[in-house]
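Engineer: Quick one, what's the 3D model for this:
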Amino acid sequence: MAKFQSLQEAVAENLRDGDTVAFEGFTHLIPHAAAHEVIRQGRKDLTLIRMTPDIIYDQMIGMGLARKVIFSYAGNPGVGLLRRMRDAIENSWPRSIETVEHSHAAMANAYEAGAAGLPCAVFRGYRGAGLKEVNPAIKSVTCPFTGEELAAVPAHRPDVTFIHAQKASKRGEVLVEGIVGVQKEAVLSAKRAVVTVEEIVDDFDDLHPNLCILPHWTVTSIVHVPGGAHPSYTHGYYDRDNANYLEWDKISADRDLFAQWMKDNVLNVGPEVFAARVQGL
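Structural biologist: Predicted coordinates:
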């Protein structure tokens, strides 16, 4: 049964040092506010899973929270590199990290396998690709029915998944609208799930039954955080803050500038700042 909590409470109760954690959201609904609270609480030795590591993982890696990243694409969307991630890989600053790279297809199938309680995902993929040469977790299996060679990767089973969504009902159901990505599978594959939402409503009785709704029993904690996806967008609520992504490229290029920005915009501020930023757009 989902609990309604503050963001500070939800992170403190559900995420521990050394956990494997996923922060998912594809182009929109990226849980920035939740990631910032994790940074404020100083979690360490985390294994981060995300299909497309972007600004939030750049920030978490730059603050030394991560020991390992499992991913399929890393970059500042539409801008360029993740400079803090690159600094950690190439120069071990502020610490070295392990990287496990997959394709998008592998990541999506790994989440689906985890959601189904399976130990691995089996799919068509990696034919002619070089990732198998650098990722020993990519295996080949033979279909017992057709003899076809297929790819296999370990299922994703995060200790915790964080997502952002549009609405939660007072009963604890969560509504995800727009591009769903792998949010549903990421929640179902996790031992615990924390969902930040734009608003809390009485119910979803007037909505189409085929919309993506996570039942209350799939969610551990719900947190009301308006603007919790900023600077990414939330379909139906606010647009992507493109200027923020461009600014991050300059900020993240310099270690001292990065550290000062994190102090001024994350360490010394709370979740309510996200709402103020969005209201000012």
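
Engineer: how much space between H36 and N265?
Structural biologist: According to CB to CB, to the nearest Å, H36 stands 8 Å off from N265. The way it works is simple: take the backbone N, C-alpha and C, and place the C-beta from them, glycine included.

Engineer: The two: which has the busier surroundings?
Structural biologist: Between H36 and N265, H36 has the larger neighbour count (other CB atoms under 10 Å), namely 25 against 14.

Engineer: does that one count as helix, strand or coil?
Structural biologist: Following DSSP: H, G, I helix; E, B strand; the rest coil, the label given to H36 is helix.

Engineer: what ranges do the strands span in the stretch 151-281 of the chain?
Structural biologist: When secondary structure is read from DSSP state E, counting those that start in this stretch, the stretch 151-281 of the chain shows strands at 160-169, 174-176, 192-201, 212-214, 221-224.

Engineer: Please export the C-alpha coordinates of the first one as PDB.
Structural biologist: The reference is to strand 160-169. The C-alpha coordinates for strand 160-169 follow below in PDB (Å, rounded to 0.1, in the frame of the first residue of the first chain):
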ATOM      1  CA  VAL A 160      14.400   1.200  -5.500                       C
ATOM      2  CA  THR A 161      12.900   2.900  -8.500                       C
ATOM      3  CA  PHE A 162      12.100   6.600  -8.600                       C
ATOM      4  CA  ILE A 163       9.700   8.000 -11.200                       C
ATOM      5  CA  HIS A 164       7.700  11.200 -11.600                       C
ATOM      6  CA  ALA A 165       4.100  11.200 -12.800                       C
ATOM      7  CA  GLN A 166       1.200  13.600 -13.400                       C
ATOM      8  CA  LYS A 167      -1.300  12.500 -10.800                       C
ATOM      9  CA  ALA A 168      -1.900  10.200  -7.800                       C
ATOM     10  CA  SER A 169      -5.300   9.400  -6.400                       C
END
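
Engineer: ok and it relative to strand 192-201, angle-wise?
Structural biologist: Counting by axes from the mean of the first three to the mean of the last three CA atoms, to 10 degrees, strand 160-169 lies at 20 degrees to strand 192-201.

Engineer: And strand 160-169, what does it pack against?
Structural biologist: Identification of packing neighbours for strand 160-169 by 3 or more CB pairs under 8 Å, 6 or more residues apart in numbering; DSSP states H and E yields strand 20-23, helix 32-41, strand 174-176, helix 183-188, strand 192-201.

Engineer: Any chance of a markdown table for these, columns distance to F258?
Structural biologist: Below are the helices and strands packed on strand 160-169 laid out as a markdown table (distance: least, CB to CB, whole Å):
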| stretch | distance to F258 |
| --- | --- |
| strand 20-23 | 19 |
| helix 32-41 | 12 |
| strand 174-176 | 32 |
| helix 183-188 | 28 |
| strand 192-201 | 24 |
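
Engineer: Figure out which of those is closest to N14.
Structural biologist: Of all the helices and strands packed on strand 160-169, strand 192-201 sits nearest to N14, with 4.7 Å by CB to CB.

Engineer: how big is the angle separating the closest one from helix 32-41?
Structural biologist: Between the axes of strand 192-201 and helix 32-41, defined by the same axes, to 10 degrees, the angle is 130 degrees.

Engineer: in its sheet, what does strand 192-201 sit against?
Structural biologist: The strands beside strand 192-201 in its sheet (DSSP bridges) come out as strand 160-169 (parallel), strand 221-224 (parallel).

Engineer: can you list contacts of that strand?
Structural biologist: If you take CB atoms under 8 Å, 6 or more residues apart in numbering as the criterion, strand 192-201 is touched by 2, 4, 7, 10-11, 14-15, 31, 33-34, 159-170, 174, 187, 214, 218-228, 234, 237.

Engineer: Please repeat the previous calculation with a cut-off of 6 Å.
Structural biologist: The contact list for strand 192-201 (CB atoms under 6 Å, 6 or more residues apart in numbering) reads 10, 14, 31, 33-34, 160-169, 174, 187, 219-226, 228, 234, 237.
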